[in-house]
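Undergrad: I'd like to go over a predicted model; first the sequence, then the structure.
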Amino acid sequence: MTSLLRPDGPAKLTGTATYAADTRIPDVLYAALVTSTVPNGQVVAIDKPDAPGVVAVIDHTNVGTLTPLPSPPLGHSMIPLQTTEIHYDGQPVAVVLAETLEQAQHAAALTSVTYSDTSPPPIFGRTEQIAPGAGLFKAPTDKKGDVDAGLASADKTVHGTYTTADRHHSPIEPSATIAWWEGDQLTVHTSAQSSQLAQTALAGLFQIPREHVRVVCAYVGGGFGAKGYVWPHLILAAAAAKVSGRAVKLVMTRAQMFSLAGHQPITSQTVTLGATADGKLTAIRHLSVNAAARVDAFVESTTGATTWLYDSPNIETDLKVEALDKPQPTPMRAPAEGPGLFPLESAMDELAVELGIDPVELRLRNEASVDPLTGKPFSSRKLVQCLTEGAERFGWADREPGMREGNWRIGWGMAVATFGAYQAPSAARVRVDSDGHVVVETDMQEIGSGLPAMVQIIAAETLGCAPSDVEVQHGDSSYPPHTGTFGSLSSGSLSAAVQNAASSVMEKLQAQPGDSLADLVDAAGLEFVESEGSWAPDQRGDDYSIKSFGAVFAEVRVDADLGLVRVPRIVGVYSAGRIINQMAAHSQMTGGIIWGYGQALLERSVMEPNLGRFLSRNLAGYVVPVNADIGDIDVSFVEEDDRIASPSGARGIGELGACGVGPAIANAVFHATGKRVRSLPIRVHDLL
Ligand code: MOS
């Protein structure tokens, strides 16, 4: 298996990798946002300060008209400064432009906004549930068979309501944009997971041809979904540059990242399972409600995995939302399956306890040979192998009740991981020079996951050269388009595009395996040969169920007096298609597991109920895992090559790692303490 160091490493370590806010543009104006301090109502007046250095204050009176667009591509369909209506705390109501950042921030602080009377916002769980329209990732409801009949025929049933918390992405690099216009040509350097969505949105908002918008974004300092869609800062930077006639730089503050870049919404999910005495599922019901903003009914599609994980004659799922005066949610770090697996995999553990069957054995008895809802074959599914190899690596056979070391109660828990193997159109251009140097160009962002190394490996193996011969140019909308660095889709989709482009170069050169490409280019009297290649999901996506899987095993230690939870070791074994770069894949999954630890034990954004405001707006108050929290993490992959999912054999990995960890830890906590915590994150007082 290939293991390649990232080519972008040295540039990152030496500080020469250029992130959006690093770009130096002469004569730039600095922008600071003025944001609402109320969750609803109207802006009545904005008192603009006469402060030093201020060049303009842009609000609803002078921003100009922007053309409505849906979400996505926008983060929310309410376009900033187009009306005086307030939809959430922290909504931008004005942009101050000044000659220095300090002057802009000073003037923004002095800007006084008067609001109409506001009303206390409704609170999640205490307001009307709405059936959404088409969900983002799946239909709102799915049904197979008769769940009530299946439950009536069961020997044992379990039933519980589980909650997950509002969580914020919290990338290291806050969102940032530098924008300028030359005539009706707009250029933005922005921190985005998809230059393509940014380009689409800006062209639509400003009603200019798509090719008049250039989006530059080679490096992203973490996104986790916060930079997938187009949020107000990008729109306002471009609008402010247009109004002022100057380049505008707008960097979000850490605090603004808590209201202006989305979050994973709080959910309440009820799961009911029925099974025969020998552990065969007779019915699965999963009902889910998530908080949404009033602006758009964002659906957290938690129930997907419930339709494809276990064989059951009767399955029923339902998604609803509650529309609240709060900032807009968005996909975040393993959306959908991430929060959805906690109730399902906790309920499976509860069922195992009820039946007196080992939790791994219960999963094996309910393994699905085809997609349980649709009846389609899986492109490749090696979950059984993950379960058995994971149990072996962890030493699961030695599990027993009442394990203890000093004051630490020890518990072992497990859960299944799964994530939809998303796919999207992708394209790349491959050029071979007469000296053998290869350049691949594609509009992909390097977000930390190691995509340039993946591209090097695929190009090199197709062309028959060394990965070090391949230079990867990325992150400019003028390159062939890659849909976006999100949805764990890049390894599967971009690899196929690069493979197709490189194959096309080989055909042009009529090259045979082992040929020197440089010699062939030279012999043809050319300086270079190049080809574009693309790939898009095809019919196979309709004919097959294409998902990734894994098994996660966790050991917890719970202090018998203090309720402190420690996680000394986690084992994850994954079925994710071909692993193109072992080193980067290992790193990705380790990171995902660490985020899963965050979901299980730390991450929770608390909303102040009278103001509809997230209380924590920094990384001291919003707690994410740090090195000291993390014990041994043992990641491995089963051998797999899924040519149905992608011509490269890859299905994609990133977000799969964050799946299954929350329930594995919660199940281990139950094993250690006998306490079934149905709300994440698990906190000390849950265990006292
Ligand atoms: Mo991920 S939430 O698709 O960045």
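TA: Sure, I can see it. Residues are numbered from 1 along each chain as shown.
Undergrad: do you know how far Val113 is from the ligand?
TA: Val113 sits 32 Å away from the ligand, going by Cβ to the nearest ligand atom, to the nearest Å. Using the backbone N, CA and C atoms, a C-beta is placed for each residue, glycine as well.
Undergrad: For stretch 160-177, which residues meet the burial criterion?
TA: Neighbour-count burial for stretch 160-177, counted by 16 or more other Cβ atoms under 10 Å, picks out 162-171, 173-177.
Undergrad: now do stretch 241-252
TA: Buried-residue list, stretch 241-252, by 16+ other Cβ under 10 Å: 241-244, 246-252.
Undergrad: if we can go back for a sec, ok, of the buried residues of stretch 160-177, which one's closest to the ligand?
TA: Nearest to the ligand among the buried residues of stretch 160-177 is His169, at 7.7 Å by Cβ to the nearest ligand atom.
Undergrad: so what's that closest one up against?
TA: By Cβ atoms under 8 Å, 6 or more residues apart in numbering, His169 lies in contact with 222-226, 257, 261-264, 332-333.
Undergrad: Neighbours of the closest residue to Ala417 other than its chain neighbours, how many?
TA: Spatially, and ignoring its direct neighbours in sequence, Ala417 is nearest to Gly660 (3.1 Å; Cβ to Cβ, 6 or more residues apart in numbering). Neighbour count of Gly660, defined by other Cβ atoms under 10 Å: 33.
Undergrad: now swap in the one 10 residues further on and tell me
TA: When neighbours are defined as other Cβ under 10 Å, Phe670 has 19 of them.
Undergrad: If we check the ligand, which of the contacts of His169 are in contact?
TA: 223-225, 332-333 (Cβ under 6 Å from any ligand atom).
Undergrad: Give me every residue in the stretch 51-200 of the chain lying close to the ligand.
TA: Checking the stretch 51-200 of the chain against the ligand by Cβ under 6 Å from any ligand atom, the hits are Gln193.
Undergrad: Ignore what I typed, I meant the chain.
TA: So the chain meets the ligand at 193, 223-225, 228, 331-333, 335, 486-487, 655 (Cβ under 6 Å from any ligand atom).
Undergrad: For the residue of the stretch 251-400 of the chain at minimum distance from the ligand, give me its contacts.
TA: Closest approach between the stretch 251-400 of the chain and the ligand, counting by Cβ to the nearest ligand atom: Pro331, at 3.8 Å. Residues in contact with Pro331, defined by Cβ under 8 Å, 6+ apart, are 136, 225, 228, 262, 264, 486-487.
Undergrad: Asp629 too?
TA: 567, 597, 601-602.
Undergrad: Can you pick out the most distant pair from the residues you listed?
TA: Farthest-apart pair in the contacts of Asp629 is Val567 and Leu602; separation 11.1 Å (Cβ to Cβ).
Undergrad: More neighbours: which of the two?
TA: Using other Cβ under 10 Å, the more surrounded residue of Val567 and Leu602 is Val567, with 24 against 20.
Undergrad: on that earlier part again, buried only: go through the residues of the chain next to the ligand for me.
TA: Looks like the residues of the chain next to the ligand have 193, 223-225, 228, 331-333, 335, 486-487, 655 buried, using 16+ other Cβ under 10 Å.
Undergrad: As a markdown table, the residues you listed with pLDDT, secondary structure and distance to Thr157 would be great.
TA: Below are these laid out as a markdown table (pLDDT from 0 to 100; DSSP: H, G, I helix; E, B strand; the rest coil; distance: Cβ to Cβ, whole Å):
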| residue | pLDDT | secondary structure | distance to Thr157 |
| --- | --- | --- | --- |
| Gln193 | 98 | coil | 42 |
| Gly223 | 96 | coil | 41 |
| Phe224 | 97 | coil | 37 |
| Gly225 | 97 | coil | 35 |
| Gly228 | 97 | coil | 39 |
| Pro331 | 97 | coil | 33 |
| Met332 | 97 | coil | 32 |
| Arg333 | 95 | coil | 32 |
| Pro335 | 96 | coil | 29 |
| Phe486 | 95 | coil | 38 |
| Gly487 | 94 | coil | 35 |
| Glu655 | 96 | helix | 31 |
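Undergrad: export the residues you listed to CSV and tack on distance to Asn366?
TA: What follows is these, written out as CSV (distance: Cβ to Cβ, whole Å):
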residue, distance to Asn366
Gln193, 36
Gly223, 35
Phe224, 32
Gly225, 31
Gly228, 34
Pro331, 28
Met332, 29
Arg333, 27
Pro335, 25
Phe486, 31
Gly487, 27
Glu655, 24
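Undergrad: List just the nearest of these to Val558.
TA: For those, the nearest to Val558 is Arg333 (25.5 Å; Cβ to Cβ).
Undergrad: give the contact list for the residue of the chain found nearest the ligand.
TA: Across the chain, no residue is closer to the ligand than Gly225, which sits at 2.7 Å (Cβ to the nearest ligand atom). Contact partners of Gly225, counting by Cβ under 8 Å, 6+ apart, are 169, 193, 262, 264, 330-333, 335, 486.
Undergrad: show me the contacts for Gln82.
TA: Neighbours of Gln82 in contact, by Cβ under 8 Å, 6+ apart: 60, 63, 65-66.
Undergrad: What pLDDT is listed against Gly135?
TA: At Gly135, the pLDDT value in this model is 54.
Undergrad: sorry, back to before: nearest to Thr462 among the contacts of Gly225?
TA: For the contacts of Gly225, the residue nearest Thr462 by Cβ to Cβ is Phe486; the value is 25.3 Å.
Undergrad: Check the gap between the closest one and Leu562 for me.
TA: 39 Å (Cβ to Cβ, to the nearest Å).
Undergrad: repeat for Leu309
TA: 35 Å.
Undergrad: Those two - which one has more neighbours?
TA: Taking neighbours as other Cβ under 10 Å, Leu309 and Leu562 compare with Leu309 leading, 27 against 11.
Undergrad: nearest residue to that one other than its sequence neighbours?
TA: Nearest non-adjacent residue to Leu309 (Cβ to Cβ, 6+ apart): Thr418, at 5.9 Å.
Undergrad: Is the one you found within a helix or a strand, and which one?
TA: Taking DSSP states H and E as the criterion, Thr418 maps to strand 408-420.
Undergrad: Only the buried residues of the helix or strand just after that strand, if you could.
TA: Sequence-wise, the next helix or strand downstream of strand 408-420 (DSSP H and E) is strand 426-433. The neighbour-count check on strand 426-433 (16+ other Cβ under 10 Å) flags 426-433 as buried.
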